[in-house]
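Undergrad: Only the shape, not the letters, is given here:
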Ligand code: AMP
Ligand code: MG
């Protein structure tokens, strides 16, 4: 079953609008293989009907019959303000494929399109495609992307661009906004169906509890705390953490004006439409917590089925208060691993915070800096470590490094074991904006090779891949500040 709700007030049965004369822009052969799609020797589906299906031009291929495509209703808080009904304005859910739901983003107008044209442009579709597959390869919970198909069909944004469709996959695309939608409409029956569906399919461990809905809330909240910790640990900024863009599975969804940080800046804002910095890097944990409060509001009627309002509120409030601790633990786990620390020590929080402060003050490149920790020798502080060269304030760096070396004395593993663990935790290759931009500009001239090449490199972010050394490099100065707007 795809979407657990029925009825005209919950979703619209609607076929995708065909994309004129489509062609392949990008395809993930790895994911295609996982789904059992027969591929030819160029790594594309052998059956040409896949191109039609993934462009929204057909609904049947091989054994797949996507006979009931839908767009779903949801609501949400955008930039902290209740926005009322939103919904799948340009994404159409085709059905199931393997363990996933399959969705075409940019496949035409639906009942929920409001003023939009139902389309997505090539630029943002390539970013979502590469962004999600890179995220997956990093080991971070995320929706996947199978393909991007393009067309010459013009689409107006700030300038004239062309249309594309990104095929997204996830075990479920349910969002906080779905819960908010039915809570606002006081449709407790629909809320119950949503929650029971999640318990049955995605949160089986909560199902048998006496307080299953409360347990469900707690689990979503814990997964979301862990997700943000993952993001912080690779320098990922989502860009638009509105409650309609937050999955209830704890996975990354809705890749829009996201960005992987190059030079580290705590208050980095990747979305230039976010003038207040609501979704800046250092605010992401707080904002996820805020979104969990939206979810708590959305789930309150479920608890009220068995508890008084006061008791239900109190239970959710207590659960919500666990978020900062869960986040902190997840964050410590991730950053300890990044520094090759297996043991737990009470001073680790300060040690890591001090490093991040130093990285911020020295504006060092986030990814290359962490990767260089694999070269630290625990017994020497001979100042020849290449890490040191990245910091302008050498004195402060040396002092911090001494505290790190002291900390390493409490570890039981050898340098070799630690170094190899560090290389498996700190990626060499991330989707830097300037790399994505280069691939996009070539694609806009009908050369899609760079999209495929980037995909290939980013599928193994922890491997040395020395033949692609240039792709590990921070951006040249003139390409550091590529502006990303919400327009997509
Ligand atoms: P987003 O900020 O991309 O998460 O989108 C917020 C809402 O606007 C969602 O309901 C989207 O479906 C809708 N939306 C965004 N872009 C378009 C578009 N070009 N056409 C129709 N709806 C859109
Ligand atoms: Mg969205």
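TA: Great, that's in hand. Just so it is clear, the structure is predicted and the values come from calculations on it, not from any experiment. Ligands and ions are numbered 1, 2, ... in the order given.
Undergrad: closest point of the stretch 251-400 of the chain to ligand 2, which residue?
TA: residue 254 (4.0 Å; Cβ to the ion). No exception for glycine: its C-beta is placed from N, CA and C like everyone else's.
Undergrad: What's the local residue count around the closest residue to that residue other than its chain neighbours?
TA: Spatially, and ignoring its direct neighbours in sequence, residue 254 is nearest to residue 245 (4.0 Å; Cβ to Cβ, 6 or more residues apart in numbering). For residue 245, the count of nearby residues is 21 (other Cβ atoms under 10 Å).
Undergrad: ditto for residue 185
TA: 15.
Undergrad: Quick one, grab the pLDDT at it.
TA: Per-residue pLDDT puts residue 185 at 97.
Undergrad: Same check on the one 5 residues further on?
TA: Model confidence at residue 190, expressed as pLDDT, equals 98.
Undergrad: can you tell me which residues contact the nearest residue to it once chain neighbours are set aside?
TA: Nearest residue to residue 190 in three dimensions, chain neighbours excluded: residue 182, at 4.3 Å (Cβ to Cβ, 6+ apart). Neighbouring residues of residue 182 by Cβ atoms under 8 Å, 6 or more residues apart in numbering: 188, 190, 191, 194, 298.
Undergrad: Helix, strand or coil: sort out residue 182 for me.
TA: helix (DSSP: H, G, I helix; E, B strand; the rest coil).
Undergrad: Just list the residues touching residue 202, thanks.
TA: Applying Cβ under 8 Å, 6+ apart, we find residue 202 in contact with 171, 172, 249.
Undergrad: Get me the contact residues on the stretch 251-400 of the chain for ligand 2.
TA: Applying Cβ under 5 Å from the ion, we find that the stretch 251-400 of the chain lies next to ligand 2 at residue 254.
Undergrad: can you give me the strands in the stretch 251-400 of the chain?
TA: Ranges of strands in the stretch 251-400 of the chain, per DSSP state E, counting those that start in this stretch, are 259-260.
Undergrad: All the helices of the stretch 201-350 of the chain, in order from the start?
TA: Assigned by DSSP state H, counting those that start in this stretch, the stretch 201-350 of the chain shows helices spanning 204-207, 212-234, 284-303, 309-320, 323-338, 348-362.
Undergrad: could you dump the ones you listed to JSON lines with mean neighbour count and mean pLDDT?
TA: Listed next are the helices of the stretch 201-350 of the chain as JSON lines, based on neighbours: other Cβ atoms under 10 Å; pLDDT from 0 to 100:
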{"stretch": "helix 204-207", "mean neighbour count": "14", "mean pLDDT": "98"}
{"stretch": "helix 212-234", "mean neighbour count": "23", "mean pLDDT": "98"}
{"stretch": "helix 284-303", "mean neighbour count": "21", "mean pLDDT": "98"}
{"stretch": "helix 309-320", "mean neighbour count": "15", "mean pLDDT": "98"}
{"stretch": "helix 323-338", "mean neighbour count": "18", "mean pLDDT": "98"}
{"stretch": "helix 348-362", "mean neighbour count": "16", "mean pLDDT": "98"}
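Undergrad: Out of these, which is closest to ligand 1?
TA: helix 284-303 (13.4 Å; Cβ to the nearest ligand atom).
Undergrad: Okay, angle between the closest one and helix 212-234 too, please.
TA: 170 degrees (axes from the mean of the first three to the mean of the last three Cα atoms, to 10 degrees).
Undergrad: Helix 284-303 packs against which elements?
TA: If contacts are counted by 3 or more Cβ pairs under 8 Å, 6 or more residues apart in numbering; DSSP states H and E, helix 284-303 sits against strand 75-78, helix 176-184, helix 188-201, helix 212-234, helix 309-320, helix 323-338.
Undergrad: what separates that helix from the chain centre, distance-wise?
TA: Taking Cα atoms, centre = their mean, to the nearest Å, one finds the center of helix 284-303 at 19 Å from the center of the full chain.
Undergrad: and the angle from that helix to helix 176-184?
TA: 40 degrees.
Undergrad: Tell me who's in contact with the closest residue to ligand 2 within the stretch 101-250 of the chain.
TA: Residue of the stretch 101-250 of the chain nearest ligand 2, by Cβ to the ion: residue 245 (4.5 Å). By Cβ under 8 Å, 6+ apart, residue 245 lies in contact with 76, 175, 177, 238, 253, 254, 256.
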